[in-house]
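Q: Could you work out the structure for the sequence below:
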Amino acid sequence: MKVIQVVGRSNSGKTTFIKNLIPELKKYGKVAVIKHLGDHDYLLEKGKDTTVFYDAGADITVGIDANKTVIAFRKNQLDDTLRLLYFHQIDYAIIEGYKQRSFQKIVFGNLTVDRCILNNPTLDEVIESLHHFEDFQV
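A: The predicted model follows:
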């Protein structure tokens, strides 16, 4: 699984770029995105059964509807999530944020970080550079 880390300051275009990158990468395999929420909490809908089960201490709570599966995974470490994606045979894991991590990075804006391999790239430049991104192994 290739790990493509995208970093930059707030409002630098990371999310829009990732939204456009996803369909391009899907031409080559399965894609997952991990968004670092930082100091924002992701809210589980109050009073719903899946939230009740999570609040009761379930390690993983899953809700499945006609179109999707939503998982509340109690572990909040990036490596745990990457392992989960790896075991589900994801080909490309895009990480938005986690600047301190040591994966090769795509940087948006004027942020200076270690392991930057592309700065403000086009979609084509990313696709041409896929071989530069690390393979995550378990």
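Q: Under the pLDDT cut-off, which ranges of this protein? List them.
A: 39 (pLDDT under 70).
Q: Enumerate every residue touching the residue nearest to the spatial centre of it.
A: When CA atoms, centre = their mean is applied to the chain, the residue found nearest the centroid is Ile34 (1.8 Å). Ile34 is in contact with Leu78, Thr81, Leu82, Leu85, Ala93, Ile94, Ile95, Glu96, counting by CB atoms under 8 Å, 6 or more residues apart in numbering. Backbone N, C-alpha and C define where each C-beta goes, glycine included.
Q: Tell me what the last one is bridged to.
A: Right, the one you point to is Glu96. On the basis of DSSP bridges, Glu96 is bridged to Val6, Lys35.
Q: Can you report how many residues lie near it?
A: Using other CB atoms under 10 Å, Glu96 has 19 neighbouring residues.
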